[in-house]
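Engineer: need a structure here:
(chains A, B, C and D)
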There are 2 protein chains.
Amino acid sequence: MAASVPPSNSGLPSRAAELDAPAFSPLYQQIKTLIVRSLQAGEWKPGEAIPSEIDLASRFKVSQGTVRKAIDELSTENLLVRRQGKGTFVATHAEQHVQYRFLRLAPDDGEEGGAQRRLIDCKRMRAPADVAKSLNLKSGDTVVLIRRVLSFRGSPVVLDDIWLPGQMFKGLTAEKLTEYRGPMYRLFETEWGIRMIRAEEKIRAVAADEAAAELLQLAAGTPLLSVERLSLTYDDKPVELRRGLYNTSSHHYRNELS
Amino acid sequence: MAASVPPSNSGLPSRAAELDAPAFSPLYQQIKTLIVRSLQAGEWKPGEAIPSEIDLASRFKVSQGTVRKAIDELSTENLLVRRQGKGTFVATHAEQHVQYRFLRLAPDDGEEGGAQRRLIDCKRMRAPADVAKSLNLKSGDTVVLIRRVLSFRGSPVVLDDIWLPGQMFKGLTAEKLTEYRGPMYRLFETEWGIRMIRAEEKIRAVAADEAAAELLQLAAGTPLLSVERLSLTYDDKPVELRRGLYNTSSHHYRNELS
DNA sequence: GAGTGGTCTAGACCACGGC
DNA sequence: CCGTGGTCTAGACCACTCG
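Structural biologist: Numbers count the residues shown, from 1 in each chain, chains lettered A, B, ... in the order given. Below you'll find the model as predicted:
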C-alpha cells in the first residue's frame, strides 16, 4: 500500500507485465481487493462487523477517506452493509431486511405472507453437459440436484431445480434441507461458507410439461415463467444453477430499470 | 446554501414545519435537488455538458467535494454521465452506449443486430380505467395508443402497446413516428422534452391470443412473455405505460441480481 | 498547456447507537 | 459518554482530452 508520500501506484495488483495495458489501479481499488480477500478467507463472517474505518485505515496505511471509498463501493455491491453509529457488517442472506433476496416474485395484490417449502427430491448425480458448462465443471463431475416447490398461501407457485457442484457441498442431504428453518442461501453460508454475491437470470415463457403441471397443480400447456439463474460467489465464480418455473397467474416478476 | 462555517442545515428544502420528522438533509442532497430542478427546467439539455464541478461549487457556495458527491449519485442514478477530461453530461437515450436502454431482450446466440420497427397503429382515445390509474390520469382523459412490432433478423419478436398521456404528447402522429430514425425515447426527448429516467416492470407468462399470434406470426396459445412497463420521469411522475409481448423462442429477458 | 474529472489526504464537526 | 459511520471542507496532485 502506497504510504503517505507520492501515491505513485506501488500497490499490490496492477503493474502487471502486460504491454500497452492501462495498468493503473487507484489505491481505494487495491483496498477493495484486500477487503474482499479477507471476506473470502473468512476473516470476518456473514453478519459480523468488520473493523472500523479508522482501524482499517491504519492497518492499510491509508487515510480514512480512502478506506471509506472502498467500503462505499463494496456496500453498493451488497458485499457489506453500513449501519451508522454501529459499524460495517458483512452482508448475509439471513436477517436481511427482506427474506429471499434474489426472488423477484411478488403477489398481484400486496399481501406478502411467507412461503411454504416442499422438498421433492435431492440426489447426487453426474452433471449433464449444459449444467456442467454453466457451472464451469468438467462433464462427468458430480452435482447435487434439488427439486422443490414453493407455495404461497397454500398454492404451489414455484418449481425449482437447483444444481450445485458436488465437490463444494459435501454432506448436503435431504434431511439437512428439510430440517433447516430459514433461507437456503443462509444454510449455504453457515454450513459450507459459500456466499451468493450476485446472479444473472435468463427469463422466458414456456408451456408447462406433464411433470411441472402436476407439481404446480395446473393443466399441462399452461404458460409458465422460466427463470434460469446462475448465482456467483466472490471472483464471479459460478456456484449454483437454478431453473425455476413460476406460475404467474396471481404473482408477477418485478424488476426495476434505470 | 450553508456557507463555510457551521453547515447547520440552513439549506433550501428540509426545515419543513413537520413535527417529529427527521427533517435533516445533508448539503449534497440539497445540491442534488437543485441540479435535478435545473435538469427538469431544461437549463441543460440531454447530451449537453453541465457546468464543471468548480463552477457549480462556486454557484452553490459549497466545496467541490460536496458538488462531487451530488454528481456522483446523480451519475449512478443515470441522470448524468461523467467523462474524465471532458466534463459531465446530461444522460440521453440517444447515443447511449447501447441503443434501447430499457429493452432487456437478448438473442440466445450472441448475434446482436438492430431491430426493425413496424408501426401497426397510432391513435388518440379516452384512457381505459386501468391505464388511467397507472398513468395518474382521470378516467376519460385522452391518451395516445401506439401499437408496433419489433423484428430481429426479419422475425417479429416484440409486440408493444404503448400508452402516453395525450396532454403531454401534443402533435404525436403516426407520420412523426415512422419518419423518425432512432429510439422512440430519443424522439420524446427532442420533441417534447420528456425524459424517461427509470421504469418498473411486471413480468408474467401468458398465452398468445389470436391478434398477437397473427402479428408475431406464431400459433395462438404459444407462451409469450408479458412485460408491463411503467416509465417515470423526474419526481417519479409516470409518463408511459407499455405492455409488451415477447416471443422468447430464440430470445430471452436478461436480468442481473445483486 | 489549460481544463476537466479522479484520487488522496487531513482535520473538523454532526448524527446515531449503545453502554 | 464514547465510538461508529456520515458530512463538509480545503488543498494537492494525477489522468484524460483537446486544441
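Engineer: The residue nearest to A:E210 when sequence neighbours are not counted - how many residues pack around it?
Structural biologist: Leaving aside its chain neighbours, A:E210 sits nearest to A:A220 (5.3 Å; criterion: Cβ to Cβ, 6 or more residues apart in numbering or on different chains). All C-beta atoms are positioned from the backbone trio N, CA, C, and that covers glycine. As a burial measure, A:A220 scores 12 neighbours (other Cβ atoms under 10 Å in any protein chain shown).
Engineer: same thing with A:I162?
Structural biologist: Around A:I162 there are 20 residues (other Cβ under 10 Å).
Engineer: Same check on the one 5 residues further on?
Structural biologist: The number of residues packed around A:Q167, counting by other Cβ under 10 Å, is 10.
Engineer: and if you look at A:R117?
Structural biologist: 17.
Engineer: isn't the residue nearest to A:E210 right next to A:D209, touching?
Structural biologist: Yes. Using Cβ atoms under 8 Å, A:A220 is in contact with A:D209, at 6.5 Å.
Engineer: Contacts only, for the residue nearest to A:E210.
Structural biologist: Shown in contact with A:A220 (Cβ atoms under 8 Å, 6 or more residues apart in numbering or on different chains): A:A207, A:A208, A:D209, A:E210, A:A213.
Engineer: ok, now A:R254?
Structural biologist: So A:R254 contacts A:R104, A:L105, A:A106, B:E200, B:E201, B:K202, B:I203 (Cβ under 8 Å, 6+ apart).
Engineer: Partner strands of the host helix or strand of it, with direction?
Structural biologist: Per DSSP states H and E: A:R254 is located in strand A:251-257. Counting by DSSP bridges, the strands paired with strand A:251-257 are strand A:105-107 (antiparallel), strand B:198-207 (antiparallel).
Engineer: just checking, next helix/strand downstream of the longest one?
Structural biologist: Reading on from strand B:198-207 to the C-terminus, the next helix or strand found by DSSP H and E is helix B:210-215.
Engineer: Now do the buried residues in that following helix.
Structural biologist: Judged by neighbour count (16 or more other Cβ atoms under 10 Å in any protein chain shown), helix B:210-215 contains these buried residues: B:A212, B:A213, B:L215.
Engineer: so who does the first one touch?
Structural biologist: Shown here is B:A212, whose contacts under the criterion Cβ under 8 Å, 6+ apart are B:L159, B:L224, B:L245.
Engineer: A:R204 too?
Structural biologist: A:L225, A:S226, B:L225, B:T248, B:H251, B:H252, B:Y253.
Engineer: Please look at the first one and B:P223 and confirm they touch.
Structural biologist: Right, A:L225. No. Contact criterion Cβ under 8 Å: A:L225 and B:P223 do not qualify, at 9.1 Å.
Engineer: Need the residues touching each of those two.
Structural biologist: Residues touching both A:L225 and B:P223 by Cβ under 8 Å, 6+ apart: A:A205, B:A205.
Engineer: which of those two has more neighbours?
Structural biologist: A count of neighbours by other Cβ under 10 Å puts A:L225 above the other of A:L225 and B:P223, at 27 against 24.
Engineer: Let's verify that one: helix, strand, or coil?
Structural biologist: With DSSP: H, G, I helix; E, B strand; the rest coil as the basis, A:L225 sits in strand.
Engineer: now it: how far from B:L224?
Structural biologist: 11 Å (Cβ to Cβ, to the nearest Å).
Engineer: Kindly report the same for A:E228.
Structural biologist: Distance from A:E228 to B:L224, counting by Cβ to Cβ: 18 Å.
Engineer: Need the per-residue pLDDT for A:F24.
Structural biologist: Residue-level confidence at A:F24 comes out at 82, pLDDT.
Engineer: Spell out the residue ranges of the helices in the stretch 101-250 of chain A.
Structural biologist: A:129-134, A:174-179, A:184-192, A:210-215 (DSSP state H, counting those that start in this stretch).
Engineer: Would you mind putting the ones you listed into JSON lines with distance to DNA strand D and mean pLDDT alongside?
Structural biologist: Shown next, in JSON lines, are these (distance: least, Cβ to the nearest atom of the strand, whole Å; pLDDT from 0 to 100):
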{"stretch": "helix A:129-134", "distance to DNA strand D": "35", "mean pLDDT": "97"}
{"stretch": "helix A:174-179", "distance to DNA strand D": "34", "mean pLDDT": "95"}
{"stretch": "helix A:184-192", "distance to DNA strand D": "21", "mean pLDDT": "95"}
{"stretch": "helix A:210-215", "distance to DNA strand D": "44", "mean pLDDT": "98"}
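Engineer: Can you tell me the SS state at A:T92?
Structural biologist: On the three-state scheme (three-state DSSP), A:T92 is labelled coil.
Engineer: Surely it touches A:E48?
Structural biologist: No. In this structure, A:T92 is not within contact of A:E48 by Cβ under 8 Å, at 9.0 Å.
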